[in-house]
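[1] What would the 3D arrangement of this be:
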Amino acid sequence: MSIFKMALPRRTFLRGMGVTIALPLLDAMIPAFSVLARTPARPVKRLGFIYTPNGATMSAWTPAGEGPALTELSPTLSALAPFRDQVIVPTGLSQRMAESMGDGNGEHSRGQTVWLSGVHPKRTEGADVESGVTVDQIAAQALGKDTPLLSIEMALEQNYLVGNCDNGYSCVYWNTISWRTPTTPLPMEVNPRVVFERMFGDGGTPRQRLEQIREDRSILDSVKDAITDLRGRLGAGDRTRVAEYLDSMREIERRIQVAEKQSGESPIALPDRPVGAPESYDEHAKLMFDLALVAFQADITRVFTLLLGREQTNRPYPFIGVPEAHHSISHHQNDPVKLAKAAKINAYHIDLLARFAGRLRDIEDGDGTLLDHSMILQGGGLSNSDQHSHIDLPLVLVGGGAGQLKGGRHLRFPKDTPMNNLHMSLLEKVGVPVEKFGDSTGSMELEPLTGV
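    Below you'll find the model as predicted:
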């Protein structure tokens, strides 16, 4: 640890024209001889929710074995093997609130909406949509008091759909998974440039920004003097941390600029791709994950949601050997070929999560890593999509929860156990307990020293 006459405030920013860049946690922010430096730092807790559409091939998702120990990951989850001691696979959890309840069909809309809200949505084609405050937003209202942004909501498909999308359910229910109030759905941002600028500023006037893109310049150019001044006040370890952080930020910006140039060269816009987003779904997804990583690293926000695809998406995945439309093969009728292809898509989405977990693990955060201090839930609102089932949902929880989770476990629950019990538990872990969430019957035991 470096020794300083005066510590840097935790909320230290690099400022330039139209730019405000938050910094990661540095030794200089904790004086060497302070009480805080001589005790384990109280880690910042972070939450992420990642939605995968169109159900899962549950036979390939569910781990084998009867005991709670996660001795072997399933084929779909195998990419998470390097993090097994920080992986919990809960099976048997259900979202009964997504069932018909007299509203007829609409399983895709209800499944996506209820996944984080726990509330049966109002069936309407109009603007009078209604669901429930989602778990991410309950957490964000508390955790966001100390961060520049309450939360970040991201998606990989355009949210331009309007009107009736699913048997009398408004397209709004497909366009988001985050609701700030029961009647306020939050837009999911699909353009990485917009997310980047929301986090760090826009780098000046529209004309200046256009020049930056054309000349491959960076918003970091606006804060060169501030960077030089900061480096002169830091020890060697902190200088390295800042350099790595700014390099990562510049790499994200460079990838966005490449995508923007591709958009300018393309004669037509691809159907579900916003102007400025990469042509490749894989690169688009990785960019969004990397933006979430930097947001956590710099404590810009402690909560994010990411929609990897809306329900009923017909996106093909030719780059992993699945050229067919996702929704079409999800109605597999037990065809082994379709089941295998759907499982490939599920496994690919888990590969993205594993890459993200690896990058979280690589970044120091106080007395641990970002992965140690995060809880990332990935899954969807349908299990067997051929049956439109909301029972025994595909879910996986990754991270240490700031010492509050015991990983390496496969937790089996009766198939009527509400998924909302898990949401209650996650809220408890981040210090935001609630008495009830949807149809919850109580929180779950997820602590390191207790079993289930």
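
[2] Scan the chain for its longest strand.
    Longest strand in the chain, counting residues (DSSP state E): strand 409-418.

[3] buried ones in that one?
    409-413, 417-418 (16 or more other CB atoms under 10 Å). Where you see a C-beta, it was placed from the backbone N, CA and C, and this is true even at glycine.

[4] I'd like those residues laid out as TSV, including pLDDT and distance to A298.
    Shown next, in TSV, are the buried residues of strand 409-418 (pLDDT from 0 to 100; distance: CB to CB, whole Å):
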residue	pLDDT	distance to A298
R409	94	31
H410	94	34
L411	93	33
R412	91	38
F413	92	37
T417	95	37
P418	96	35
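
[5] The longest strand of the chain packs against which elements?
    On a contact count with 3 or more CB pairs under 8 Å, 6 or more residues apart in numbering; DSSP states H and E, strand 409-418 meets strand 87-94.

[6] which residues in the chain form helices?
    Assigned by DSSP state H, the helices in the chain fall at 58-61, 107-117, 135-143, 172-175, 192-200, 206-214, 224-231, 236-265, 281-297, 326-330, 336-361, 420-429.

[7] Give me whichever of those is most buried.
    Comparing the helices of the chain by mean neighbour count (mean count of other CB atoms under 10 Å), helix 107-117 ranks first with a mean of 28.

[8] from the chain's centre, how far out does that one sit?
    Here helix 107-117 shows a centroid-to-chain-centroid distance of 17 Å under the convention CA atoms, centre = their mean, to the nearest Å.

[9] How about stretch 187-199?
    14 Å.

[10] Quick one: low-confidence residue ranges for the chain.
    Applying pLDDT under 70 to the chain flags residues 1-6, 31-41, 66-67, 160-163, 202-216, 263-276, 447-452.

[11] Domain boundaries for it, per the record?
    1-42+191-276, 45-102+136-143+150-160+183-190+303-452 (automatic domain parsing).

[12] Any idea how far the longest one is from the middle of the chain?
    It refers to domain 45-102+136-143+150-160+183-190+303-452. Distance of domain 45-102+136-143+150-160+183-190+303-452 from the chain centroid (CA atoms, centre = their mean) equals 10 Å.

[13] all numbers from here: first residue = 39
    I'll keep to 39 as the first residue from here, and by that count the last item is domain 83-140+174-181+188-198+221-228+341-490.

[14] about what we covered before: any idea which of the domains of the chain gets closest to D166?
    domain 83-140+174-181+188-198+221-228+341-490 (7.8 Å; CB to CB).

[15] For the longest strand of the chain, give me every contacting residue.
    101, 103, 105-108, 126-134, 156, 429-430, 476-479, 482, 490 (CB atoms under 8 Å, 6 or more residues apart in numbering).

[16] ok so, going back, looking at the helices of the chain, which is closest to V341?
    Nearest to V341 among the helices of the chain is helix 173-181 (4.3 Å), distances taken as CB to CB.

[17] which parts of stretch 100-114 are buried?
    100-101, 108, 111-114.

[18] got it, and stretch 218-230?
    For stretch 218-230, by 16+ other CB under 10 Å, it's 218, 220, 223-224, 226-230.
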